[in-house]
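**Q** Okay, predicted coordinates and the sequence, questions at the end:
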Amino acid sequence: MSSLFAGSSRLAAYGWDETLENAFTSHRAAGLTPGRVAAVDRGLCDVVTEDGPVRASTGTAAASGDPLAAPCTGDWAALDPSGPDGRPAVAALLPRRTAIVRSSASRDSRGQVLAANVDTVAIAVSLAARLDLGRVERLLALAWESGARPVVVLTKSDQVAGTAEAEIEVSAAAPGVDVVACSAATGDGVDAVLAVLSGTVVLVGPSGAGKSTLGNALLGGEVLATAAVRETDGKGRHTTVRRELLPLPGGGVLIDTPGLRGVGLFEASDGLERTFADVEELAAACRFGDCAHRTEPGCAVLAAVEDGTLPRRRLDSYRKLLRENAWAASRSDERLRAERENQRKAITRWQRQMYRERGRNR
């Protein structure tokens, strides 16, 4: 282990390790310095470095116009200390181990990275509101697709008579996923939540789910802004307005995100397979390999619905998310075809211009 890595206690608290140090060798030789992006805001980003936090421009890393290539919270960056505008600039990003990507809000067939290099995705679900298992499944697909490990945290347990029934329902919709109930307000169950979190943790969920209150309980202080939810529908407003990265007292890093009103899937086939592992396992026993699980004879999925083994709601959710993912994939293919066509036209125009100039010079 290099002595420089061993002395980088500030970055080590944010996840810097020997593997990252080795990957950074060429950047350091070029005079660049490592840092982790803590927040991004209007073309600038807060970056934690070996010498402390700095405000940097997103630099050439965002120049391509591809939102997937732009710096985001959790990225490991190579900083040019003297950027073109007199402040440090992000010159390059280290390859992401994981990335939580959703369909962009503009629905332009491009993805938007919510957070990078995440180890655990903690999906906050309020017990004080109506349980929306479809939303849980959608967020699980997003989490599994990222490469991180999902965990479901049932918040506000102090506002209900008991949590056992909700835990059973959510566990059925989240096969292979830890489901933990807690009350950040009273502290009940917070230790159990901490026990299932590791590495860089991102909190996701709708406004009013109690993410910031839970985050404060995990951080051990009133670090994140919180607000009360409306009594009429249990919904909250966005108290977190951008993604922020903060070290946890017991090790690891926490990313709090704004409430997600809508989460569109973006190329999430693997995530859907993991989320609906029970349906996929049943489908393997269908008579036909291309069974659509609608009216086909010998469909093991429909048989499970009929005998009550598989809830009809879960099959409907599976079909809905598959359709949405297929639509997003087709939109992405359409965009790529359009970009290739535009590139072809640009080359043709350049060739014609070149031929005209050659003709005039003869």
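**A** That came through fine.

**Q** and the most centrally placed residue in the chain, which of the three is it?
**A** Closest residue to the average C-alpha location of the chain: residue 100 at 2.3 Å, with Cα atoms, centre = their mean. With DSSP: H, G, I helix; E, B strand; the rest coil as the basis, residue 100 sits in strand.

**Q** Same check on residue 115?
**A** Residue 115 - assigned by three-state DSSP - is strand.

**Q** I'd say it and residue 255 touch.
**A** Yes - with contacts counted by Cβ atoms under 8 Å, residue 115 reaches residue 255, the gap being 5.1 Å. Yep, even glycine has a C-beta here, placed from its N, CA and C like the rest.

**Q** Pull up the overlap in contacts between those two.
**A** 73-74, 202, 243 (Cβ atoms under 8 Å, 6 or more residues apart in numbering).

**Q** Neighbour-wise, which one of those leads?
**A** For these, the largest number of neighbours (other Cβ atoms under 10 Å) sits with residue 202, at 29 neighbours.

**Q** what bridges to that residue?
**A** residue 121, residue 255 (DSSP bridges).

**Q** quick one: pLDDT of it?
**A** You'll see residue 202 listed with a pLDDT of 96.

**Q** Kindly provide the distance from residue 18 to residue 280.
**A** Per Cβ to Cβ, to the nearest Å, residue 18 is found 38 Å from residue 280.

**Q** The two: which has the busier surroundings?
**A** residue 280 (15 against 11).

**Q** mind listing what that one touches?
**A** Here residue 280 is in contact with residue 273 (Cβ under 8 Å, 6+ apart).

**Q** And the helices in the protein, which stretches?
**A** Along the chain, the stretches classed as helices by DSSP state H are 3-6, 9-12, 18-23, 25-29, 133-146, 164-173, 190-195, 211-219, 269-275, 277-283, 300-306, 312-361.

**Q** Quick check: which of those is nearest to residue 53?
**A** helix 9-12 (9.3 Å; Cβ to Cβ).

**Q** Tell me which other helices or strands the closest one touches.
**A** strand 33-41, strand 44-49 (3 or more Cβ pairs under 8 Å, 6 or more residues apart in numbering; DSSP states H and E).

**Q** could you dump the ones you listed to a markdown table with distance to residue 165?
**A** Shown next, in a markdown table, are those (distance: least, Cβ to Cβ, whole Å):
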| stretch | distance to residue 165 |
| --- | --- |
| strand 33-41 | 38 |
| strand 44-49 | 42 |
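
**Q** Residue 285 is nearest to which of those strands?
**A** strand 33-41 (45.9 Å).

**Q** Packing partners of that closest one?
**A** helix 9-12, strand 44-49, strand 52-57, strand 76-80, strand 244-247.

**Q** Show me which parts of the first one are buried, residue by residue.
**A** Along helix 9-12, the positions that meet the burial threshold by neighbour count (16 or more other Cβ atoms under 10 Å) are 10-11.

**Q** what's it in contact with?
**A** Contacts for helix 9-12 (Cβ under 8 Å, 6+ apart): 5, 34-36, 48-52.
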